[in-house]
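Novice: what would the 3D arrangement of this be:
(one chain, ligands or ions: 1)
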Amino acid sequence: MNFDIADIALADKGHRRIEWASRRMPVLASIRERFEKEQTLAGYKIGACMHVTSETATLMLALVAGGAEVVLCASNPLSTQDDVAAALVDAGIPTYAVRGEDAETFYEHINAVLDTSPDLVFDDGADMTMVLHKERVGQEVLGGMEETTTGVMRLKAMEQDGVLRYPIVAVNDSDTKHLFDNRHGTGQSSLDGILRSTNILFAGKRVVVAGFGDCGWGIATRAKGLGADVIVTEIDPIRAVAAVMEGHRVMTGIEAAEVGEVFITATGNIHVFRAEHFEKMPDGAIIANAGHFDVELDLVALDEMAVSRRVLRDNLEEFTLPDGRRILVIAEGRLVNLGAAEGHPADVMDMSFADQALAAEWIIENKDTLGPKVYTLPKELDDEVARLKLEAMSGSLEQLTPAQEHYLSSWEHGT
Ligand SMILES: NC(=O)c1ccc[n+]([C@@H]2O[C@H](COP(=O)([O-])OP(=O)(O)OC[C@H]3O[C@@H](n4cnc5c(N)ncnc54)[C@H](O)[C@@H]3O)[C@@H](O)[C@H]2O)c1
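Specialist: I've put the predicted structure just below:
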């Protein structure tokens, strides 16, 4: 078996880590049980480009239990848990992922997975999909799944330009994904990354959150919960009003740069904080990114402005500017929650990865009718995942009475 990981000797630790995550993923466990019985994925090869974490490992093992052949590589050079990668290889899943790999290795790993000619592609950020569309134009793929907002944006642009070659499910767009993973997962784990790398006290800090989408909502809400004075920057007036009504101040980036102490981007956009902002930030400003790509902070500009830089703590680098001000960058501006912490908790990835597993099954079942488009999973599947999660969390759902059902579907009743 071919693979490229840091150290196979870490496998035992990885297995224990996967066991701990999988205990908190009951919805995925129930899908795995059904997959195992029905051998839903037998005969299909899956190529996955995802964060190599214990939660992803639980998904990969569920796919294998369903009969699939799975090959995995990392979707971010800094998000790989080397012990998990080792455990996956030990479990017989060819894995290509080394934490801290350079860009060349990152793409070599994507190509190693694609060399196995997968039928289905699981992607996170659409990097594997890009390689398939730009460099491997003749390679046939049955369908794909996309995990994150940024990836879905890229796919929709491809669909619009008429260049998409096969059906892809925008898993991010399922309510059971973005309303929980992006909000609660990114909210908690981004602060976790900042805490692990800096150990600062959030209470009383002026925390600037750029972008008040699902991720920004989560980060701002959690920071406020820890006692921070939260400032939001937005380009969308509706999201900006939403932020004000949640009790945050809303300012331009430049205004925020002057007063903020901690800055976190979650926009999916490029150069949200750049030279003009770094010029205004106070000494000791901490900057981090929770968006998918490491482009939200213009670190090339910061490097050019700096007279020196040094690593101060794990995942914390200090840039000193000519006037003596120091700006601290967490995890090289890459996803702070995966670079400096462990990513989303398994409890929330349970739903995202249940959606992923069901999306693979849905593509196989509908392969003869789907075209080269971006699809959202049918609402029944989304509802089913939520129902199973609610049950696992000991909640129970109210049922409509026949009279209520009639009332909701009729138009005759009025004042
Ligand atoms: N860290 C993680 O684990 C994780 C998890 C899920 C999503 N993501 C990524 O996080 C990013 C945001 O995802 P989302 O689901 O919140 O997206 P979203 O579309 O819901 O929100 C993004 C928000 O940023 C705003 N925005 C865009 N440009 C801006 C700018 N220059 N300044 C201020 N605001 C701006 C938009 O108006 C929007 O409200 C994406 O890149 C996504 O892929 C990361």
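
Novice: flag every residue of this structure that's near the ligand.
Specialist: Neighbours of the ligand within the chain, by Cβ under 6 Å from any ligand atom: 148-150, 178, 182, 186, 210-216, 233-236, 239, 266-269, 272, 290-292, 335, 337. Yep, even glycine has a C-beta here, placed from its N, CA and C like the rest.

Novice: did I read that right, V329 in a helix?
Specialist: No - according to DSSP: H, G, I helix; E, B strand; the rest coil, V329 belongs to no helix; its state is strand.

Novice: list the contacts of it.
Specialist: When contacts are counted by Cβ atoms under 8 Å, 6 or more residues apart in numbering, V329 touches 287-288, 297, 299, 302, 316-319.

Novice: give me the domain ranges for this protein.
Specialist: Following automatic domain parsing, one gets these domains for the chain: 4-173+344-392, 185-334.

Novice: look up how far G268 lies from G211.
Specialist: For G211, the distance to G268 equals 7 Å [Cβ to Cβ, to the nearest Å].

Novice: that should have said E261, apologies.
Specialist: Counting by Cβ to Cβ - E261 and G268 are separated by 24 Å.

Novice: those two - which one has more neighbours?
Specialist: A count of neighbours by other Cβ atoms under 10 Å puts G268 above the other of E261 and G268, at 21 against 18.

Novice: now that one. Its backbone dihedrals?
Specialist: Note on G268: backbone dihedrals following degrees, to the nearest 10 are phi 70, psi 10.

Novice: tell me the contacts of it?
Specialist: G268 neighbours (Cβ under 8 Å, 6+ apart): 149-150, 153, 211, 213, 291-293.

Novice: mind running it again at 6 Å?
Specialist: By Cβ atoms under 6 Å, 6 or more residues apart in numbering, the contact set of G268 is 149-150, 291.

Novice: ranking these by neighbours, who comes first?
Specialist: Result: G291 is most packed of these (other Cβ under 10 Å), 29 neighbours.

Novice: neighbours of the residue in the chain that the ligand sits nearest to, just the number please.
Specialist: As assessed by Cβ to the nearest ligand atom, the ligand sits closest to G213 within the chain, at 1.7 Å. G213 is flanked by 20 other residues according to other Cβ under 10 Å.

Novice: so E55 makes contact with M349?
Specialist: Yes - the pair E55 and M349 passes the contact test of Cβ atoms under 6 Å, sitting 3.8 Å apart.

Novice: returning to what we had before: mind listing which of the contacts of V329 are in strands?
Specialist: 287-288, 316-319 (DSSP state E).

Novice: out of the residues you listed, who's nearest F202?
Specialist: Nearest to F202, judged by Cβ to Cβ, of the ones in strands among the contacts of V329 is A288 at 12.8 Å.

Novice: now do the same for the closest one: its pLDDT.
Specialist: Looking at A288, its pLDDT stands at 98.

Novice: how close does it sit to V208?
Specialist: Distance of A288 to V208, computed by Cβ to Cβ: 11 Å.

Novice: and for K13?
Specialist: Taking Cβ to Cβ, one finds K13 at 37 Å from V208.

Novice: same check on N182?
Specialist: In terms of Cβ to Cβ, N182 sits 19 Å off from V208.

Novice: follow-up on the earlier one: any chance of TSV for the contacts of V329, columns neighbour count?
Specialist: Below are those laid out as TSV (neighbours: other Cβ atoms under 10 Å):
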residue	neighbour count
I287	25
A288	31
L297	29
L299	24
L302	23
L316	19
E317	19
E318	17
F319	20
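
Novice: moving C-terminal from the longest helix belonging to the chain, which element do we reach first?
Specialist: Longest helix of the chain, by residue count under DSSP state H: helix 346-365. Downstream of helix 346-365, the first helix or strand assigned by DSSP states H and E is strand 374-375.

Novice: direction included, what does that following strand pair up with?
Specialist: If you go by DSSP bridges, strand 374-375 pairs up with strand 168-170 (parallel).

Novice: other SSEs contacting the helix or strand following the partner strand?
Specialist: As assigned by DSSP H and E, the chain's next helix or strand after strand 168-170 is helix 175-177. Packing contacts for helix 175-177, counted by 3 or more Cβ pairs under 6 Å, 6 or more residues apart in numbering; DSSP states H and E, involve helix 346-365, helix 379-392.

Novice: among those helices, show me which one is buried the most.
Specialist: Counting by mean count of other Cβ atoms under 10 Å, helix 346-365 has the highest mean neighbour count of the helices and strands packed on helix 175-177, with a mean of 24.

Novice: packing partners for it?
Specialist: helix 26-38, helix 54-65, strand 143-146, helix 175-177, helix 379-392.

Novice: any idea of the angle it forms with helix 26-38?
Specialist: 30 degrees (axes from the mean of the first three to the mean of the last three Cα atoms, to 10 degrees).

Novice: now do helix 346-365 against helix 54-65, angle only.
Specialist: 30 degrees.

Novice: can you list contacts of the longest helix of the chain?
Specialist: With Cβ under 6 Å, 6+ apart as the test, helix 346-365 has contacts from 21, 24-25, 27-28, 31, 40, 55, 59, 62, 120, 143, 145, 169, 171, 174, 176-177, 180-181, 184-185, 377, 381, 385, 389.

Novice: hmm, A42 is touching A68, no?
Specialist: No - the criterion here is Cβ under 6 Å, and A42 misses it with A68 at 7.5 Å.

Novice: neighbour count winner among these two?
Specialist: Per other Cβ under 10 Å, whichever of A42 and A68 has more neighbours is A68, with 23 against 11.

Novice: apart from its chain neighbours, what residue comes closest to the more buried one?
Specialist: L41 (3.7 Å; Cβ to Cβ, 6 or more residues apart in numbering).

Novice: who has more neighbours out of N182 and V208?
Specialist: Between N182 and V208, counted using other Cβ under 10 Å, V208 has the larger neighbour count: 32 against 24.

Novice: how much space separates the closest residue to the more buried one other than its chain neighbours from G253?
Specialist: Distance criterion Cβ to Cβ, 6+ apart; nearest residue to V208, sequence neighbours excluded, is G260 at 3.8 Å. Using Cβ to Cβ, G260 is found at 10 Å from G253.

Novice: neighbour count for these two, which is higher?
Specialist: Per other Cβ under 10 Å, whichever of G260 and G253 has more neighbours is G260, with 29 against 20.
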